[in-house]
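Enquirer: pasting a predicted model and its sequence here:
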Amino acid sequence: MNDMLGHPKARRVLRAAAGAVILALASPLLAQPAAPAVDPVRVLVKRLDLERYKATIKSLTQFGDRRQGTARNRAAIDWIEAQLKSYGCTNTERLTYTFGEEPVHRVAPAKAAVSAGSDEPGLSVGGGRSRGFTSKTGVNSDPNAQPDNRIRALDTPPAVPGERQEVYCTKIGTGHPGEMYIVSAHMDGIGFGEAANDDGSGTALVMELARVFSSPDVRTDRSIRFILWNNEETGLNGAKAYVDQRAALQGKESPAGSGRYPEPKWLGVMQHDMMLFDHGMPKADGSLSPVQRPEADVNIEFQSASKFASQSQELAVALQAANERYATDYPAAVGRHMTNTDSTPFMDVAPAVSLRENDRGAQVGSGWDPQWHQPTDLYATYSDKDFLLGLNAAQTTLSATARLAGATLR
């Protein structure tokens, strides 16, 4: 037997047989597909939470309507800055400017205003055409319209002309720190309510994104700046002040050779203004559905008449694609009539879009949101389905920004 095993041919047969056994045992393991790579974008989206989003909105309402030029506005800015720092977005800065008297707000007619240079009835300032039933809309200026004594007392002190500030912080890119995306919302409100939707919903969204991106295990190739505008309700003055003061600084390293860019080049601006209420068109009697409509969506608008229209449209489509892949409940729709929002001052100098609950000109301007600038814009007014629409907008912007800025996990 030993002689037979020592024969070269016998040894070859045994080696072949042993190899076949080993291959048979290993083949199930070899056939297993490779473990899927972790998608960092999906990981980041899952770090958003409905209850946390709601809690941030609720906290903002402690300052009432946060009207610009008031002590409650300044207290809200201090609170927002402290929250950003607590998230790890510690390089907070403030932009300072001055502002005078507020404009007089008048009640709008029951249809969208005609745009400048147009004789078409029902065409809004942004170019969208008003259709169907509309309701009267405008700004409540009567404190006695607010039945809650606490909120009325909080909102009554008027705005005083003088210095204004707005706060922002930056996630600095590791590969291209001299380029950035701006994620923004306005934190001031009017109407003698709590400004929960206009624009606590957008402010909380931006703060939540700042929290997620500021996690120490998150890196981005390009920078992201999180900005909370002031003076939106008086005519986009805070955003205009930012463009006036900082546009010329874009992409300039300071000091030279430091690798620091105080104002990275603007690759895109994503504004968030009123994220919660999409209950549909007013009925013939002016009433609206008390619940969020099943077909509610996140509206992503760019301005087709702007100098950066094609680039802004590309940004809008990128957001829509991210929504389709990562948002959990509500889809996104792209429109071309962006107007009356803080991305407007940027639209001729950078790609700029606005995310919101409805078309700003043709729908909100026609009374589709009865809480707009009213005492009823309270945290308690909205349901979880309303808040969920805002969370889906957050998922949309977070996922798109993560992809555009090149987010990775350590």
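Expert: That came in fine, so what should we check first? Every value quoted in this text rests on a predicted model; they were computed, and no experiment measured them.

Enquirer: just the pLDDT for residue 119.
Expert: pLDDT recorded at residue 119 is 44.

Enquirer: which parts of the stretch 101-250 of the chain are strands?
Expert: Using DSSP state E, counting those that start in this stretch, the strands found in the stretch 101-250 of the chain span residues 162-171, 176-186, 218-220, 222-229.

Enquirer: which one, of the ones you listed, ends up nearest to residue 349?
Expert: Closest approach to residue 349 among the strands of the stretch 101-250 of the chain (C-beta to C-beta): strand 176-186, 11.6 Å. Where C-beta positions appear, they are placed from N, C-alpha and C, glycine not excepted.

Enquirer: and the closest one, what other elements does it pack with?
Expert: Packed against strand 176-186, as judged by 3 or more C-beta pairs under 8 Å, 6 or more residues apart in numbering; DSSP states H and E, are the following elements: helix 202-213, strand 222-229, helix 237-246, strand 265-272, helix 384-405.

Enquirer: mind checking how far whatever helix or strand comes next after the last one is from the chain centre?
Expert: The C-terminal neighbour of helix 384-405 among helices and strands, as given by DSSP states H and E, is strand 407-409. Averaged C-alpha coordinates place strand 407-409 at 19 Å from its chain's average position (C-alpha atoms, centre = their mean, to the nearest Å).

Enquirer: for the closest residue to residue 348 other than its chain neighbours, give me its contacts.
Expert: Excluding the flanking residues, the one nearest residue 348 by C-beta to C-beta, 6 or more residues apart in numbering is residue 307, at 4.2 Å. Listed by C-beta atoms under 8 Å, 6 or more residues apart in numbering, the contact set of residue 307 reads 347, 348, 349.

Enquirer: and those residues, which of them are buried?
Expert: Buried by 16 or more other C-beta atoms under 10 Å: residue 347, out of these.

Enquirer: need the contacts of residue 307 in JSON lines (columns: distance to residue 158 and secondary structure).
Expert: Putting the contacts of residue 307 into JSON lines (distance: C-beta to C-beta, whole Å; DSSP: H, G, I helix; E, B strand; the rest coil) gives the following:
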{"residue": "347", "distance to residue 158": "32", "secondary structure": "coil"}
{"residue": "348", "distance to residue 158": "34", "secondary structure": "coil"}
{"residue": "349", "distance to residue 158": "34", "secondary structure": "coil"}
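
Enquirer: coming back round to it: and residue 371, which of the strands of the stretch 101-250 of the chain is closest to it?
Expert: Taking the strands of the stretch 101-250 of the chain one by one with C-beta to C-beta, strand 176-186 is closest: 16.1 Å.

Enquirer: note down every partner strand of the closest one and its orientation.
Expert: Strand 176-186 pairs in its sheet with strand 222-229 (parallel), strand 265-272 (parallel), by DSSP bridges.

Enquirer: mean pLDDT and mean neighbour count added to the ones you listed, as TSV?
Expert: Below are the strands paired with strand 176-186 laid out as TSV (pLDDT from 0 to 100; neighbours: other C-beta atoms under 10 Å):
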stretch	mean pLDDT	mean neighbour count
strand 222-229	98	25
strand 265-272	98	25
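
Enquirer: turn those strands into TSV, including distance to residue 375.
Expert: Listed next are the strands paired with strand 176-186 as TSV, based on distance: least, C-beta to C-beta, whole Å:
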stretch	distance to residue 375
strand 222-229	23
strand 265-272	23
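
Enquirer: can I get the helices and strands packed on strand 176-186 in TSV with distance to residue 334?
Expert: As requested, those are exported to TSV (distance: least, C-beta to C-beta, whole Å):
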stretch	distance to residue 334
helix 202-213	18
strand 222-229	22
helix 237-246	22
strand 265-272	13
helix 384-405	11
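
Enquirer: which secondary element of this protein has the worst mean pLDDT?
Expert: Least confident helix or strand of the chain, by mean pLDDT, DSSP states H and E, is helix 2-6 with a mean of 49.

Enquirer: which SS state does the residue nearest to residue 159 when sequence neighbours are not counted fall under?
Expert: Once flanking residues are discounted, residue 159 sits nearest to residue 69: 3.1 Å by C-beta to C-beta, 6+ apart. Here residue 69 is recorded as coil under DSSP: H, G, I helix; E, B strand; the rest coil.

Enquirer: could you point out which element follows the strand or helix carrying residue 44?
Expert: Element membership for residue 44 (DSSP H and E) is helix 40-45. The helix or strand immediately downstream of helix 40-45 is helix 50-60, counting by DSSP H and E.

Enquirer: next SSE downstream of that following helix?
Expert: Using DSSP H and E, the helix or strand that follows helix 50-60 in sequence is helix 71-87.

Enquirer: other SSEs contacting that following helix?
Expert: Using 3+ C-beta pairs under 8 Å, 6+ apart as the contact test, the elements touching helix 71-87 are helix 50-60, strand 162-171, helix 202-213, strand 222-229.

Enquirer: these into a markdown table, with extra columns for distance to residue 332?
Expert: Below are the helices and strands packed on helix 71-87 laid out as a markdown table (distance: least, C-beta to C-beta, whole Å):
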| stretch | distance to residue 332 |
| --- | --- |
| helix 50-60 | 18 |
| strand 162-171 | 23 |
| helix 202-213 | 14 |
| strand 222-229 | 20 |
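
Enquirer: isn't residue 98 right up against residue 230?
Expert: No. Residue 98 lies out of contact with residue 230 (C-beta atoms under 8 Å); the separation is 11.7 Å.

Enquirer: more neighbours, these two?
Expert: Counted by other C-beta atoms under 10 Å, residue 98 and residue 230 do not tie: residue 230 has more neighbours, with 30 against 10.

Enquirer: can you tell me the closest non-neighbouring residue to the residue nearest to the spatial centre of the chain?
Expert: Centroid-nearest residue in the chain: residue 272, 4.4 Å away (criterion: C-alpha atoms, centre = their mean). Sequence neighbours aside, residue 202 is the residue nearest to residue 272 in space, at 3.6 Å (criterion: C-beta to C-beta, 6+ apart).

Enquirer: same check on residue 40?
Expert: residue 409 (4.6 Å).

Enquirer: fine by me, we can end here.
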